[in-house]
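Student: Give the three-dimensional model of this entry:
(chains A, B, C and D)
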Protein chains: 2
Amino acid sequence: MPMVAPERRRRVTISDVAKHAGVSKAAVSKVIRNDYGVSQAMRDRVKRAIDELGYRPQAAARALRGRAFTIGVLMQHIGIPFYAEIVTGLVDELAESEYQAIMIQGGTRDKTEKRAIDALIDRQVDGILMIAPLAARTHLEQVAREIPTLVLGRHDRSPAYDSIVDDDRAGSELVMEHLIGLGHRRIGHITFDKEHGQAADRTPQIRAETYERVMREHDLAGEIAVATTSYTEEGGYDGARELLGRSPRPTAIFAGSDEAALGVLAALHEAGLSVPGDVSVAGYDNTKLAAHPNIALTTVDQDGVVMGRTAGRLLLERIEGRTSAAHFSVIPSLVVRRSTASPRPCPADTGTWMPARTVRDVTAADAARQHG
Amino acid sequence: MPMVAPERRRRVTISDVAKHAGVSKAAVSKVIRNDYGVSQAMRDRVKRAIDELGYRPQAAARALRGRAFTIGVLMQHIGIPFYAEIVTGLVDELAESEYQAIMIQGGTRDKTEKRAIDALIDRQVDGILMIAPLAARTHLEQVAREIPTLVLGRHDRSPAYDSIVDDDRAGSELVMEHLIGLGHRRIGHITFDKEHGQAADRTPQIRAETYERVMREHDLAGEIAVATTSYTEEGGYDGARELLGRSPRPTAIFAGSDEAALGVLAALHEAGLSVPGDVSVAGYDNTKLAAHPNIALTTVDQDGVVMGRTAGRLLLERIEGRTSAAHFSVIPSLVVRRSTASPRPCPADTGTWMPARTVRDVTAADAARQHG
DNA sequence: GGAAAAATGTGTACCGGTCTACGACATTAC
DNA sequence: GTAATGTCGTAGACCGGTACACATTTTTCC
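Tutor: As a prediction, the model looks like this:
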């Protein structure tokens, strides 16, 4: 038998405001929604009443009739820094409007994601931003039929929903041209397939395809070495061990994601190999960790904030009634840090071999400055 | 003038189910809510109709009359790994129930946080979990009068709301005893005050007080050195530079948070000091970065998952009617990694001085193994 | 000056659920 | 046999907004 809860003050409703201002509910509603057909006098009067009573409309009630003024954001997990950037952009874009962004975790299984999507629909959100969802395209289209939907980070565009995607082809080219430009020839790549991860998407394939294409374009078909694990730290670790097992070992590794690159660094570290002295490492995504001086990972930056802003704008447009699908492809940029450098001609060249030096190995210039 | 949206299929409602099953709305509602007064036959019949039509109740409509089956989670920013852990625990706990967790970003300013809290209230959430909110205690109490509230990560408990907090006293003691046990005497600390950060909370004070107390208990009052900056990477960087400016410089730094510790590492790195060779570093929070081999930070682990689970349980209890306040204090544990070690007797001892070596400096044992 | 048009305010049905009150019927008590 | 009790199902008010239909007033235009 539940105890009696402490007196919860009843909320101020639209009727309270109407009574207090001496007008009808309908009039108050019009003022709130900036509808046509209210005199300035009425507007002032109602606004004053709203202020005096501290009235805020109840989203649930509004949702029942029309808009909930809510944008739902679906993501696998809230701890992913890149997703946080997207949300920052979205929130920024929505700040001007009356809309609010709410986030929901879909987890890494189809079932949990479906529950999360349903939860958003049941809560009558006005639009859904799905960040790298797992669901099959047909399911996404079905959702989009019910609610304005924007899918971010998937390459399978559809006329049923808007999409924003990183140009992974361009980004991967940037990495590869950078590495090859530095003089690398034996470049390994770490990718993943559906068995090992969650993607219902072609992102890893595109990155891997581009890797292979660029290798071939530079007559390096013979040096192609791909480890298929996953885009996680663990996957990177395993993949690196696989690639390092080859002889001769690669002088550079292009990991398909920063997370994987972290695993690569860990594996190299464990193997007593220096970065970039022995092996150069590049990632993809420019996560926050990649920027830390102790990591200093060369990587591809997708401007998550811009993506989030764009997503917000497109969703609001859809809510306003746009029916044609919009598809954005965002051009990424390369961020060069200390994890990549020219391969050293011969391991013995650098004088005394230092065991277990890491990412932050000094460059020649650094050393000169410090010793000088 | 908005274009006509494509035919959006009307949602299945409770009336549809009732009609399809040939019973009243009320009966369907009873079945859904497992209410008293339905025969088994009725239950089966309605359930079949629900399945056949694929009906799901609309949260907005339910919210208007009673429960929204939604728990709102307020956090400054979704990218913070520790918060992600908490959410994981919460979601886990709610998985069994009908409740759904939704996250909302409060940002780092009072005004934006207030807007976020209001947004949750307006959406009729049944309970709010506030993670390290900025708002004044009186404001939190006011919110708690309207909605079951749990505040996580703040030490100012109140009879109006439940709270869960890390035992920062115990955690700080763990760090200090560890450092002192290793032989450190000149231990610096980085803290922050309200001017520099966002906390309306005493966490930094408690950590700083404990630092000072333990120092005094070991007759190290003369060695106390505190830099007051902020719990951010930048704050850690600035604080470290301040502490390193002293002469003699500290042999260990206890940063009040992992984020700050990262800044400390960056500063040491820049100064060409090795970790832990020249300076040991400890953080607090055991973030994911801290565990990475290239960082390997000794830190204090608060079990975020357990905190989240507990939060979920307590909120559900509150929703069920509990009126007495519950306050949990979670005992943290120390995670020792490679960023702390005994101070070396004399800097000249280690042979050739290597500039710019980092966190991952080899320990004596490591070196022996690699050279041997 | 009078009709048409525009502006303004109100009444009220409705959204999709919940929940109380109540009626019909079956069962038990005396 | 009748009253009391219990079980099951339904009708309908209600939550707090929105928006359509309509009445009333004001303005515009010839």
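
Student: State which helix of chain A is the longest.
Tutor: Identified as the longest helix of chain A according to DSSP state H is helix A:304-320.

Student: What residues of it count as buried?
Tutor: Neighbour counts over helix A:304-320 (16 or more other C-beta atoms under 10 Å in any protein chain shown) mark A:304-305, A:307-316, A:318-319 as buried. For every residue, glycine as well, the C-beta is placed using N, CA and C.

Student: Spell out whether it and chain B are in contact.
Tutor: Yes: under the criterion of C-beta under 8 Å from any C-beta of the partner chain, chain B is reached by helix A:304-320 at A:E320.

Student: Could I get the buried residue list for the following helix or strand past that helix?
Tutor: Per DSSP states H and E, the first helix or strand lying C-terminal to helix A:304-320 is strand A:327-330. For strand A:327-330, the neighbour count (16+ other C-beta under 10 Å) marks A:328, A:330 as buried.

Student: With stretch A:41-59 instead?
Tutor: Counting neighbours by 16+ other C-beta under 10 Å, stretch A:41-59 gives A:42, A:45-46, A:49-50, A:55, A:57-59 as buried.

Student: returning to that earlier point: packing partners for the longest helix of chain A?
Tutor: helix A:81-94, strand A:127-131, strand A:149-152, strand A:162-166, strand A:327-330 (3 or more C-beta pairs under 8 Å, 6 or more residues apart in numbering or on different chains; DSSP states H and E).

Student: for the record, mean pLDDT for the third one?
Tutor: Here strand A:149-152 scores 97 as its mean pLDDT.

Student: contact partners of that strand?
Tutor: For strand A:149-152, the external contacting residues (C-beta atoms under 8 Å, 6 or more residues apart in numbering or on different chains) are A:86, A:127-133, A:140, A:143, A:158, A:160-165, A:307, A:311, A:314-315, A:318.

Student: same deal with the longest one?
Tutor: Residues from elsewhere that reach helix A:81-94 (C-beta under 8 Å, 6+ apart): A:71, A:73, A:75, A:77-78, A:100-101, A:103, A:129, A:131, A:152, A:285, A:287-289, A:302-313, A:316, B:77-79, B:105, B:107.

Student: report the angle between the axes of that helix and helix B:81-95?
Tutor: Interaxial angle of helix A:81-94 relative to helix B:81-95 (axes from the mean of the first three to the mean of the last three C-alpha atoms, to 10 degrees): 90 degrees.

Student: coming back round to it: which two of the buried residues of helix A:304-320 have the greatest separation?
Tutor: A:G304 and A:I319 (22.3 Å; C-beta to C-beta).

Student: rewinding a little: could you export the buried residues of helix A:304-320 as JSON lines, including distance to DNA strand D and pLDDT?
Tutor: Below are those laid out as JSON lines (distance: C-beta to the nearest atom of the strand, whole Å; pLDDT from 0 to 100):
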{"residue": "A:G304", "distance to DNA strand D": "33", "pLDDT": "91"}
{"residue": "A:V305", "distance to DNA strand D": "31", "pLDDT": "93"}
{"residue": "A:M307", "distance to DNA strand D": "31", "pLDDT": "96"}
{"residue": "A:G308", "distance to DNA strand D": "27", "pLDDT": "97"}
{"residue": "A:R309", "distance to DNA strand D": "26", "pLDDT": "97"}
{"residue": "A:T310", "distance to DNA strand D": "27", "pLDDT": "97"}
{"residue": "A:A311", "distance to DNA strand D": "24", "pLDDT": "97"}
{"residue": "A:G312", "distance to DNA strand D": "21", "pLDDT": "97"}
{"residue": "A:R313", "distance to DNA strand D": "22", "pLDDT": "97"}
{"residue": "A:L314", "distance to DNA strand D": "22", "pLDDT": "97"}
{"residue": "A:L315", "distance to DNA strand D": "18", "pLDDT": "97"}
{"residue": "A:L316", "distance to DNA strand D": "16", "pLDDT": "96"}
{"residue": "A:R318", "distance to DNA strand D": "17", "pLDDT": "94"}
{"residue": "A:I319", "distance to DNA strand D": "12", "pLDDT": "93"}
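
Student: just those now: which is nearest DNA strand C?
Tutor: Closest approach between the buried residues of helix A:304-320 and DNA strand C, by C-beta to the nearest atom of the strand: A:I319, at 18.2 Å.

Student: Which of the helices and strands packed on helix A:304-320 sits closest to DNA strand C?
Tutor: Closest approach to DNA strand C among the helices and strands packed on helix A:304-320 (C-beta to the nearest atom of the strand): strand A:127-131, 18.5 Å.

Student: Tell me which strands the closest one pairs with, and in which orientation.
Tutor: strand A:70-75 (parallel), strand A:149-152 (parallel) (DSSP bridges).

Student: could you dump the ones you listed to a markdown table with distance to DNA strand D and mean neighbour count?
Tutor: As requested, the strands paired with strand A:127-131 are exported to a markdown table (distance: least, C-beta to the nearest atom of the strand, whole Å; neighbours: other C-beta atoms under 10 Å in any protein chain shown):
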| stretch | distance to DNA strand D | mean neighbour count |
| --- | --- | --- |
| strand A:70-75 | 13 | 27 |
| strand A:149-152 | 21 | 28 |
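
Student: thought A:P250 was touching A:A225?
Tutor: Yes: at 6.1 Å, A:P250 counts as touching A:A225 under the criterion of C-beta atoms under 8 Å.

Student: More neighbours: those two, which one.
Tutor: A:P250 (21 against 18; other C-beta atoms under 10 Å in any protein chain shown).

Student: Please confirm that the more buried one is located within a helix.
Tutor: No: A:P250: not assigned to a helix; according to DSSP: H, G, I helix; E, B strand; the rest coil it is coil.

Student: Not counting sequence-adjacent ones, nearest residue to it?
Tutor: A:G188 (4.0 Å; C-beta to C-beta, 6 or more residues apart in numbering or on different chains).

Student: Quick check: the one you found is in a helix.
Tutor: No: counting by three-state DSSP, A:G188 falls outside a helix, being strand.

Student: so what's it bridging to?
Tutor: Bridge pairing for A:G188 - DSSP bridges - gives A:A225, A:I253.

Student: can you count the residues close to it?
Tutor: Neighbours around A:G188, by other C-beta under 10 Å: 26.

Student: So which residues of chain A form helices?
Tutor: Under DSSP H, chain A gives helices at A:14-21, A:25-33, A:40-53, A:59-65, A:81-94, A:110-122, A:137-146, A:168-182, A:203-217, A:233-244, A:258-270, A:288-291, A:304-320, A:364-371.

Student: How about the stretch 201-350 of chain A: which residue is closest to chain B?
Tutor: Shortest the stretch 201-350 of chain A-to-chain B distance, computed as C-beta to the nearest C-beta: residue-wise this is A:G321, at 3.0 Å.

Student: Do I have it right that A:R185 meets A:D219?
Tutor: No: between A:R185 and A:D219 there is no contact under C-beta under 8 Å: 9.4 Å.

Student: quick one, which of these two is more surrounded?
Tutor: A:R185 (16 against 9).

Student: lowest-pLDDT helix or strand in chain A?
Tutor: helix A:364-371 (a mean of 36; mean pLDDT, DSSP states H and E).

Student: Around DNA strand C, which positions in chain A sit nearby?
Tutor: When proximity is defined by C-beta under 7 Å from any atom of the strand, chain A lies next to DNA strand C at A:23-27, A:30, A:36-42, A:64-65.

Student: let's see 10 Å
Tutor: A:14-15, A:18, A:21-31, A:35-43, A:45-46, A:60-66, A:122, A:124 (C-beta under 10 Å from any atom of the strand).

Student: what about stretch A:57-75, average pLDDT?
Tutor: 94.

Student: And it, how far out from the chain middle?
Tutor: 24 Å (C-alpha atoms, centre = their mean, to the nearest Å).

Student: about what we covered before: now, which of the residues of chain A next to DNA strand C lie close to chain B?
Tutor: Restricting the residues of chain A next to DNA strand C to those near chain B - C-beta under 8 Å from any C-beta - leaves A:60-61, A:63-64, A:122, A:124.
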